[in-house]
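Trainee: generate a structure from the sequence data that follows.
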Amino acid sequence: MAGQLRWPVTVSWGELRLRPLTRGDRREWDAVRGRNRDWLDPWEATNPAPGGRPPTFGQFVRTLDQQARQGTALPFLITERVPGTEQFGLVGQLTVSGIAWGSFLSASLGYWVDRDQAGRGVAPMAVAMATDYCFQGLGLHRMEINIRPENTKSLRVVEKLGFRDEGLRKDFLHIDGRWTDHRSFALTAPEVPEGLVRRFTGSDRPAVWR
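Mentor: Modelled structure (predicted):
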């Protein structure tokens with residue numbers, strides 16, 4: 001029902017699974033982030049305070065978990081089944097943040113994907129799964145994604161999914177040590193009554209959550 005967020009929750013479709021980020025993920029998260037440092041740093045939010053440092057992994061997870069339990073965020077890992085096993089490996093991260101209830105029913109979404117997985121459709125599929133959960137599972141009305149104009153790969157994700165370009169936001173977010181412009185994209189639930197997963201994949205099979 002609208003206005004209610006149950007956490008933790010897992011969203012699945014095919015071989016992909018969005019599951020909660022936990023402190024137990026540190027070793028695998030550090031390994032994936034470490035080998036993707038050059039790939040991700042140009043797009044990473046940074047602390048604008050003089051001498052500001054990023055939070056530790058423990059602080060990062062604790063803050064996101066508190067926000068999730070307060071109903072304002074969904075901190076997911078993007079995982080994929082390892083072929084021939086029942087194990088799921090980390091391939092990225094997706095966070096729904098700034099969830100607003102009441103008359104707004106809106107949220108923002110951000111994501112990153114392992115460079116080795118780029119081009120396989122992982123990012124748009126994960127965005128579609130999370131958006132369907134927010135629209136159909138939580139009753140939200142609007143999803144927003146903000147992307148730097150130079151980030152052509154992320155721009156391709158929202159183009160594939162049919163998010164509307166709502167224009168430029170000047171000095172929107174502190175990224176890689178400076179204030180950067182972003183383009184804002186959005187989608188509302190009435191625009192995808194059949195679900196974004198179904199529209200993107202052409203399959204009748206919806207994402208499921210538990």
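Trainee: show me the shaky parts of this protein.
Mentor: 1-4, 52 (pLDDT under 70).
Trainee: now the strands for it?
Mentor: Ranges of strands in the chain, per DSSP state E, are 11-13, 16-20, 74-81, 88-100, 106-113, 142-147, 164-175, 178-188, 208-209.
Trainee: name the helices or strands packed onto the second one?
Mentor: It refers to strand 16-20. Strand 16-20 makes packing contacts with strand 11-13, strand 74-81, strand 88-100, helix 122-132 when contacts are defined by 3 or more CB pairs under 8 Å, 6 or more residues apart in numbering; DSSP states H and E. (C-beta placed from N, C-alpha, C; glycine too.)
Trainee: how far away is Thr180 from Leu74?
Mentor: Using CB to CB, to the nearest Å, we find Thr180 at a distance of 24 Å from Leu74.
Trainee: which residues does Leu168 bridge with?
Mentor: Counting by DSSP bridges, Leu168 is bridged to Arg183.
Trainee: how close does it get to Thr72?
Mentor: Taking CB to CB as the measure, Leu168 falls 26 Å from Thr72.
Trainee: of these two, who's got more company?
Mentor: Neighbour count, other CB atoms under 10 Å: between Leu168 and Thr72, Thr72 has more, with 17 against 11.
Trainee: what residues are up against the more buried one?
Mentor: Shown in contact with Thr72 (CB atoms under 8 Å, 6 or more residues apart in numbering): 97-100.
Trainee: now do Trp39
Mentor: Arg115.
Trainee: just the one 4 residues further on next, same as before
Mentor: Under the criterion of CB under 8 Å, 6+ apart, the contact partners of Trp43 comprise 112, 148, 151, 154, 175-176.
Trainee: tabulate the strands of the chain (JSON lines), appending distance to Pro42.
Mentor: Formatted as JSON lines, these follow (distance: least, CB to CB, whole Å):
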{"stretch": "strand 11-13", "distance to Pro42": "28"}
{"stretch": "strand 16-20", "distance to Pro42": "25"}
{"stretch": "strand 74-81", "distance to Pro42": "20"}
{"stretch": "strand 88-100", "distance to Pro42": "16"}
{"stretch": "strand 106-113", "distance to Pro42": "11"}
{"stretch": "strand 142-147", "distance to Pro42": "12"}
{"stretch": "strand 164-175", "distance to Pro42": "8"}
{"stretch": "strand 178-188", "distance to Pro42": "10"}
{"stretch": "strand 208-209", "distance to Pro42": "33"}
